[in-house]
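1. With the sequence up front, the predicted model follows.
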Protein chains: 2
Amino acid sequence: MPLRKIMIIDEDKNSSEFLKAHLEHENSAVEMITNPSKWQEKFESIKPDLVIMDVVFQFVDGWQICKDIRNQSNCPIVILSYKSDVFAKVLGFELGADDYVIKPFDTKELTARIKAQIRRATKYNVPKDSTKTRVCLDNLAIDMVRYEAIIKSQKVALPPKEMQLLFLLASNPDKVYTRNQLLDEVWGFEYYGDSRTVDVHIKRVREKINGASQLWSLKTIWGVGYQLQKTQESDNAGSGTSEL
Amino acid sequence: MPLRKIMIIDEDKNSSEFLKAHLEHENSAVEMITNPSKWQEKFESIKPDLVIMDVVFQFVDGWQICKDIRNQSNCPIVILSYKSDVFAKVLGFELGADDYVIKPFDTKELTARIKAQIRRATKYNVPKDSTKTRVCLDNLAIDMVRYEAIIKSQKVALPPKEMQLLFLLASNPDKVYTRNQLLDEVWGFEYYGDSRTVDVHIKRVREKINGASQLWSLKTIWGVGYQLQKTQESDNAGSGTSEL
DNA sequence: CTAAAACGTCAAAAAAGCTTCAAAAAACGA
DNA sequence: TCGTTTTTTGAAGCTTTTTTGACGTTTTAG
């Protein structure tokens, strides 16, 4: 197992020291942050494989830190705290934590949980790159930072959902996404609603991009889902897809 | 509606029922397995997004089941058991579990943990997929991600059934499939209908691939079924096959 | 607080694919 | 070769999926 970088954010020095020693014994590189307000710079320089953090601090809001970490990274977060009520646990998970362990903790159990999290985040999966913010396909560009789409050098304003939908489809041209995949990625996996919603948004995106740009268009893969495809004049055996 | 499929393996019917009701209320599709020895078939047919399981059973070894699941899938596993010693927990994680919750459990916490696991396995990551999505045979290629067949460098769009049919046949060139095998694989296990349906679909695939590509074609094995075979000019010992 | 924009739901209509059927053709066995 | 069995094929009807417009609700902006 390659050396893993673990970052501990906790004002309690004793607890951190103790844990650090154990983790280093398990062949990890451990960075302790005892002043939570300085987490950001350390996080960026270390780029940890996993974060262990408390949520109760003197001057700053631990929940906010958890949320901020999740906002800028997919790195696994294990909350380790004396705060043991169910409400806190649920909040932690909702803010993006991957596990929640109560102090005082059993070293062996915590180590096992940490390993499981790293395994899940690396061995079984490949991280999604959330870094890309702009895609450019011929005369179609989508910029998620400026939140605008450019179609034939015309800025077109799209509402959030349509924006994300088009961005996702354009990030993997020709890839077919099922409605559920689109719901997962754009609406979020906790969304529960009619998958016909996707159809309606696809329609609205089509209305905006189709008239202007002939080069790429949203195709329907009947019985499967949708796809952004280079428009072809001569679609020889075109059953299964339809032009719009 | 990205409905999540959750599988519960537990001999304790009360606990399972209770949990099932709650998860269904959270909009999941829940399958209960109260006879753990039958997990395999269910697992394959359901293809769950997450497994909740006990490890203490009357006649079978729960740890072994956990290990077996992990062996054939990356699906998140949450162990839910009265067995609460640290040794058991560590063993569980080492066998591939992603979380370990002690009975009696708090519904809200367990639900939050389940959601966190599903989120980790889907939203932050893309599963390392070992499943083949594309086959390439000389000038014949079938791509299930783009949902297109390429025949002599011509993209040909096929409807779902024809696509899956050709993909299956092309995945095992020369292998003869009976109509029932094809029905099982393409139409699904529980399909009830005339096996002549296969013939019609074979015919339609032929219309599309035969004209264009001479290198591979769909052969009829008289009295048996169908096969994708390299086209031969001189098939002298041709008993049992016919050219198309 | 109001108005506009965005979003979600629904049902009718349209489109595409699927299945069945029966006649015709082909392959087989005696 | 003849009769039987199996496969091919075209067309019609059926089912499923998708499109679309309208409308009610929620969120955002001023």
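-> Structure received. Predicted model only: the values in this text are computed from it and were never measured. Numbering: from 1, shown residues only, chains lettered A, B, ... in the order given.
2. hey, which helix or strand in chain A has the poorest pLDDT?
-> strand A:125-127 (a mean of 80; mean pLDDT, DSSP states H and E).
3. wait, does it contact chain B?
-> Yes - Strand A:125-127 reaches chain B (CB under 8 Å from any CB of the partner chain) through A:125-127. No exception for glycine: its C-beta is placed from N, CA and C like everyone else's.
4. Dump these to JSON lines, plus neighbour count.
-> Converted to JSON lines, those look like this (neighbours: other CB atoms under 10 Å in any protein chain shown):
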{"residue": "A:125", "neighbour count": "19"}
{"residue": "A:126", "neighbour count": "13"}
{"residue": "A:127", "neighbour count": "13"}
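5. which residue sits closest to the residue of chain A found nearest chain B, ignoring its sequence neighbours?
-> Closest residue of chain A to chain B, CB to the nearest CB: residue A:125 (3.3 Å). Using CB to CB, 6 or more residues apart in numbering or on different chains and skipping the chain neighbours, the partner closest in space to residue A:125 is residue B:125 (3.3 Å).
6. quick one: that neighbour from DNA strand D, how far?
-> 27 Å (CB to the nearest atom of the strand, to the nearest Å).
7. contacting residues around that residue?
-> Residue B:125 is in contact with A:74, A:121, A:124-128, counting by CB atoms under 8 Å, 6 or more residues apart in numbering or on different chains.
8. Report pLDDT for residue A:235.
-> Confidence at residue A:235, expressed as pLDDT, is 39.
9. Bridge partners for the residue of chain A closest to chain B, pull those for me.
-> Per DSSP bridges, the residues bridged to residue A:125 are residue B:127.
10. sec struct for the residue nearest the centre of chain A, please.
-> Residue closest to the average C-alpha location in chain A (CA atoms, centre = their mean): residue A:74, at 5.8 Å. Using DSSP: H, G, I helix; E, B strand; the rest coil, the structure places residue A:74 in coil.
11. which residues sit in contact with the nearest residue to it once chain neighbours are set aside?
-> Closest residue to residue A:74 apart from its sequence neighbours, by CB to CB, 6+ apart: residue B:124 at 4.0 Å. Residue B:124 makes contacts with A:74, A:121, A:125, A:127-128, as judged by CB under 8 Å, 6+ apart.
12. which regions of chain A sit below the pLDDT cut-off?
-> Low-confidence segments of chain A (pLDDT under 70): A:1-2, A:211-213, A:232-244.
13. any idea how far the residue nearest to residue A:74 lies from residue B:77?
-> To residue B:77, residue B:124 is 18 Å away according to CB to CB, to the nearest Å.
14. Ok, residue A:51 next?
-> Taken as CB to CB, the span from residue A:51 to residue B:77 is 23 Å.
15. residues from chain A in reach of DNA strand D?
-> Contacts of chain A with DNA strand D, taken as CB under 7 Å from any atom of the strand, map to A:179, A:196, A:199-200, A:202-203, A:206, A:220-225, A:242, A:244.
16. Any part of stretch A:101-116 near chain B?
-> Yes - Stretch A:101-116 is in contact with chain B by CB under 8 Å from any CB, via A:106, A:108-109, A:112-113, A:115-116.
17. Buried ones from those, can you make that a PyMOL selection?
-> Burial among the residues of stretch A:101-116 next to chain B is assessed by 16 or more other CB atoms under 10 Å in any protein chain shown; the matching PyMOL selection reads:
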select buried, chain A and resi 109+112+113+115+116
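18. Now, the residues of stretch A:101-116 next to chain B that are in strands?
-> If you go by DSSP state E, the residues of stretch A:101-116 next to chain B have nothing in strands.
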